[in-house]
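Student: Provided below are the primary sequence and the corresponding predicted coordinates.
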Amino acid sequence: GAGVSQTPSNKVTEKGKYVELRCDPISGHTALYWYRQSLGQGPEFLIYFQGTGAADDSGLPNDRFFAVRPEGSVSTLKIQRTERGDSAVYLCASSLFEGYEQYFGPGTRLTVT
Amino acid sequence: ELKVEQNPLFLSMQEGKNYTIYCNYSTTSDRLYWYRQDPGKSLESLFVLLSNGAVKQEGRLMASLDTKARLSTLHITAAVHDLSATYFCAVDRYLYNTGTASKLTFGTGTRLQVTL
C-alpha cells in the first residue's frame, strides 16, 4: 500500500515568510510524528499526535512552530516568520498505534534564504 | 532526558571485512530501531528490536539488543560497497504501563564507507 507522503518535497522561502508543510500518513495509522533533521545530524523529535490531539509537543523549538491534525489523518506543520536556522529536512512518520514501528516519509527540504 | 550515543561516527572499511557499530542509551527502554539513510534520502527501516536478547539478521547485517547494558550492536559481515550509507539507531522511550508517550531519540549516526 501507499507509504507516508509529504509535500512539497522542496521549499525555498525568504526569511520572515510563513510556510506550511503537509504530511499524509499511512491509511489507518493513528499516531503521527514530526521530526527535523539538520545537515549531518540525526532526526530530532518535534511533535507527536495521537488521533487529532498533540500528545507531546515538547520538541517544538519555539512558538513560531505549530502543527495540526484536525481530522486525525493529514497533518500540517506551520512555521511563522521563518529564520535561516529553520533550514533543515522535515520528516513525518506514522505508526499504527503508539509505540509501534514508525514509518518515515521522504521529507520536505526547507531552505530559508 | 534520554541520550543515545553511537560509535564510531565514521567508518571506512574494505570490502569483505567485518565490523560492529555500537549504540548506547541512557534510560530504560525495550524498543530500539536501526535505520539506514542514503544521501538525500529518507530513513529506511532495517531492524526492530523489542526485547532483551533480541537478535535479528538480514543479509550481511545483524542487530542485537541488551536492555540491561542499554546497548545495541549492528554487526556487518563481509561488507560490500552497496552497504555504504549512514546508519542510525533510535530508541523509543515509550513505556506502556507508565503512560510515557512514544517518541524516537536518534543517535548521531555512523557514516559507513565501504571501499572496493
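Tutor: Received the coordinates, thanks.
Student: for the rest of this, base every contact and every neighbour count on C-alpha atoms.
Tutor: Will do.
Student: list the residues that contact B:Gly16.
Tutor: Contact analysis of B:Gly16 by C-alpha atoms under 8 Å, 6 or more residues apart in numbering or on different chains lists B:77-80.
Student: list the buried residues of stretch A:80-87.
Tutor: Buried residues in stretch A:80-87, counted by 16 or more other C-alpha atoms under 10 Å in any protein chain shown: A:82-83, A:86-87.
Student: which of those residues fall in strands?
Tutor: Using DSSP state E, no member of these sits in strands.
Student: let me have the residues you listed in CSV, extended by distance to chain B and pLDDT.
Tutor: Conversion of the buried residues of stretch A:80-87 to CSV gives the following (distance: C-alpha to the nearest C-alpha, whole Å; pLDDT from 0 to 100):
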residue, distance to chain B, pLDDT
A:Thr82, 23, 98
A:Glu83, 22, 97
A:Asp86, 18, 98
A:Ser87, 15, 98
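Student: other residues contacting the helix or strand containing B:Ser12?
Tutor: Following DSSP states H and E, one finds B:Ser12 within strand B:10-14. For strand B:10-14, the external contacting residues (C-alpha under 8 Å, 6+ apart) are B:79, B:110-116.
Student: could you do stretch B:38-48 as well?
Tutor: Around stretch B:38-48, the neighbours that count as contacts under C-alpha under 8 Å, 6+ apart are A:91, A:101, A:103-107, B:31-37, B:56, B:63, B:85-86.
Student: quick one, what contacts the nearest residue to A:Arg69 once chain neighbours are set aside?
Tutor: Of all residues not flanking A:Arg69 in the chain, A:Ser75 sits nearest, at 4.4 Å (C-alpha to C-alpha, 6 or more residues apart in numbering or on different chains). Going by C-alpha under 8 Å, 6+ apart, A:Ser75 touches A:22-24, A:32, A:67-69.
Student: swap in B:Val80?
Tutor: B:15-16, B:114, B:116.
Student: one more time with 6 Å
Tutor: By C-alpha atoms under 6 Å, 6 or more residues apart in numbering or on different chains, the residues touching B:Val80 are B:Glu15.
Student: one more: the one 5 residues further on?
Tutor: Listed by C-alpha under 6 Å, 6+ apart, the contact set of B:Ala85 reads B:37-38, B:111-112.
Student: one more: A:Phe104?
Tutor: Residues near A:Phe104 by C-alpha under 6 Å, 6+ apart: A:92-93.
Student: can you give me the strands for chain A?
Tutor: Under DSSP E, chain A gives strands at A:5-7, A:10-13, A:19-24, A:31-37, A:44-50, A:53-56, A:65-68, A:75-79, A:88-95, A:103-104, A:108-112.
Student: export those as a markdown table, with columns for mean pLDDT.
Tutor: Shown next, in a markdown table, are those (pLDDT from 0 to 100):
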| stretch | mean pLDDT |
| --- | --- |
| strand A:5-7 | 97 |
| strand A:10-13 | 98 |
| strand A:19-24 | 98 |
| strand A:31-37 | 97 |
| strand A:44-50 | 95 |
| strand A:53-56 | 89 |
| strand A:65-68 | 97 |
| strand A:75-79 | 98 |
| strand A:88-95 | 97 |
| strand A:103-104 | 95 |
| strand A:108-112 | 98 |
